[in-house]
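Trainee: Need coordinates for the following:
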Amino acid sequence: MIEKMWDSPLMYRIEVPLPDNPLRYLNSYVVCGSDRWLVIDTGFNREECREALFSGLSQLQVDLARTDLFLTHLHADHTGLVGDFAGQGCQVYMNGDDYQYLVDSALDGRTWKYTEQLFMKEGMPPEDIEKQFSNQARKFSPDPSFSIHPVGDGDVVTLAGVDFQVIHTPGHTKGLSCLWLPKEGLLVSSDHVLFDITPNIQRWQNLPDALACYLHSLDKVRDLPARLVLPGHRKASSALKERVDAIKAHHANRLQELWQAAKDHPGATAFELAPHLTWSMRGKKWPEFPPTQKWFAMGETLSHVEYLLHHGRLEQEEKNGLYIYYAI
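Mentor: Residues are numbered from 1 along each chain as shown. Just a heads-up that it's a prediction; the model follows:
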């Protein structure tokens, strides 16, 4: 599906399906300039995504030989098809930290190994970890053998004849970058601000206290005079300030839930605490969670554990090779 989102600059949204994924689809944005095009994010490296994206680009008469690609962050549902663009000579723009994470992941799997070992120390059973080997984020990730033009906070990049301001918003990943057009009041928020679902915040090896970073990044965009916010998934909205406040309230509630769970279950592991948090899984209980959703829920739990540790509200001990927690 193609939807026109803005008149000047002329911008469209291509809905790229994400099969067997609760996100349902990715929003790939296309900016049509007078003699060049810009594509923002791609979908997974799988045929269903490739067919939808390139069918849409064909309908919009996009010439890949005169197209640039901006990747908002490293996740495979946003970067998976980068090789299709790089192979056509497209210039790729991306934050350098996220690019390096992709390279390290592909080099020897070290980033996945770190997370697997961490989750095991936090109480996740080995059999649950093994189920992640078919995780779509791993299975449909891109080959990082492409070069980038690195972008950083405050950079102005001219793409498709439009001057975009880069806003670095670490949290969802270390390098997530939004694109801002101040004159138009147009914000491409990627997964930093979503309106129908709450962005997932994980524990990261290269980003200490990711949740604190994310909350700070929310404040960074909250008061932008945005007329329209274009997210990475689901529907666009103009209610930026209201949505930021709602997301911050969500995390405040989750932090309190986690602290209360640690108080009620002293000496529990993070994996044992996770089922006591409120998850939006359509009535499914923790044992019924699909493996991928349990993985993401565990990562989100750990980001909140890390926040409470850093803010002196939890105490961590090690027992029998596992980390256990106590409320303070």
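Trainee: got any ranges where the stretch 1-150 of the chain has weak pLDDT?
Mentor: Scanning the stretch 1-150 of the chain for pLDDT under 70 picks out 108, 132-137.
Trainee: And for the stretch 151-300 of the chain?
Mentor: For the stretch 151-300 of the chain, the ranges with pLDDT under 70 are 282.
Trainee: any chance you could map the strands in it?
Mentor: In the stretch 151-300 of the chain, the strands defined using DSSP state E, counting those that start in this stretch lie at 156-159, 162-168, 177-181, 186-190, 228-231.
Trainee: Can you list the helices and strands that the last one packs against?
Mentor: Applying 3 or more C-beta pairs under 8 Å, 6 or more residues apart in numbering; DSSP states H and E, we find strand 228-231 packed against strand 2-6, strand 25-32, strand 186-190. Bear in mind the C-beta positions are built from the backbone N, C-alpha and C, glycine included.
Trainee: returning to that earlier point: give me whichever of the strands of the stretch 151-300 of the chain is most buried.
Mentor: Among the strands of the stretch 151-300 of the chain, strand 186-190 has the highest mean neighbour count (mean count of other C-beta atoms under 10 Å), at a mean of 26.
Trainee: Run me through the strand neighbours of that strand, direction for each.
Mentor: Sheet pairing of strand 186-190 (DSSP bridges) gives strand 177-181 (antiparallel), strand 228-231 (parallel).
Trainee: quick one, what contacts the nearest residue to G161 once chain neighbours are set aside?
Mentor: Excluding the flanking residues, the one nearest G161 by C-beta to C-beta, 6 or more residues apart in numbering is G33, at 3.8 Å. By C-beta atoms under 8 Å, 6 or more residues apart in numbering, the contact list for G33 reads 9, 159-162.
Trainee: How about R227?
Mentor: 184-186, 238.
Trainee: Could you rank those by neighbour count and give me the top one?
Mentor: Neighbour tally across those (other C-beta atoms under 10 Å): the maximum, 21 neighbours, falls on L186.
Trainee: Please name the spatially closest residue to that one (chain neighbours excluded).
Mentor: Spatial nearest neighbour of L186, excluding adjacent residues (C-beta to C-beta, 6+ apart): L228 at 5.6 Å.
Trainee: so the one you found makes contact with R13?
Mentor: No - counting by C-beta atoms under 8 Å, L228 sits too far from R13 to count as a contact (11.3 Å).
Trainee: can you list residues touching both of those two?
Mentor: Joint contacts of L228 and R13 (C-beta under 8 Å, 6+ apart) are 5, 236.
Trainee: Distance check, the closest residue to I167 other than its chain neighbours against G321.
Mentor: Leaving aside its chain neighbours, I167 sits nearest to C178 (4.4 Å; criterion: C-beta to C-beta, 6+ apart). In this view, C178 and G321 are 41 Å apart by C-beta to C-beta, to the nearest Å.
Trainee: cool, and E242?
Mentor: Look at E242 and G321: by C-beta to C-beta, they are 45 Å apart.
Trainee: ok, the two, which is more surrounded?
Mentor: Higher neighbour count among E242 and G321: E242, with 12 against 7, using other C-beta under 10 Å.
Trainee: Buried residues in stretch 112-132, which are they?
Mentor: Within stretch 112-132, the residues scored as buried using 16 or more other C-beta atoms under 10 Å are 112, 114-116, 118-120, 122-124, 128-129, 132.
Trainee: of those residues, closest to D68?
Mentor: Checking the buried residues of stretch 112-132 against D68 with C-beta to C-beta, the nearest one is W112 at 29.9 Å.
Trainee: which residues in the stretch 1-150 of the chain form strands?
Mentor: Shown for the stretch 1-150 of the chain, the strands assigned by DSSP E, counting those that start in this stretch span residues 2-6, 10-17, 25-32, 37-40, 67-70, 91-95, 149-151.
Trainee: Pick the most buried one from the ones you listed.
Mentor: It is strand 37-40: most buried of these by mean count of other C-beta under 10 Å, with a mean of 25.
Trainee: Direction included, what does that one pair up with?
Mentor: Here strand 37-40 has these sheet partners by DSSP bridges: strand 25-32 (antiparallel), strand 67-70 (parallel).
Trainee: how about the residue nearest to L186, what does it touch?
Mentor: For L228, the contact set (C-beta under 8 Å, 6+ apart) comprises 5-6, 185-187, 236-238.
Trainee: Quickly list what S190 is bridged to.
Mentor: Where S190 sits in a bridge, its partners, by DSSP bridges, are P231.
Trainee: contact partners of stretch 9-22?
Mentor: Here stretch 9-22 makes contact (C-beta under 8 Å, 6+ apart) with 1-5, 24-33, 42-44, 46, 48-49, 52-53, 56-57, 60, 77, 136, 160-162, 181, 184, 186, 230, 236, 293.
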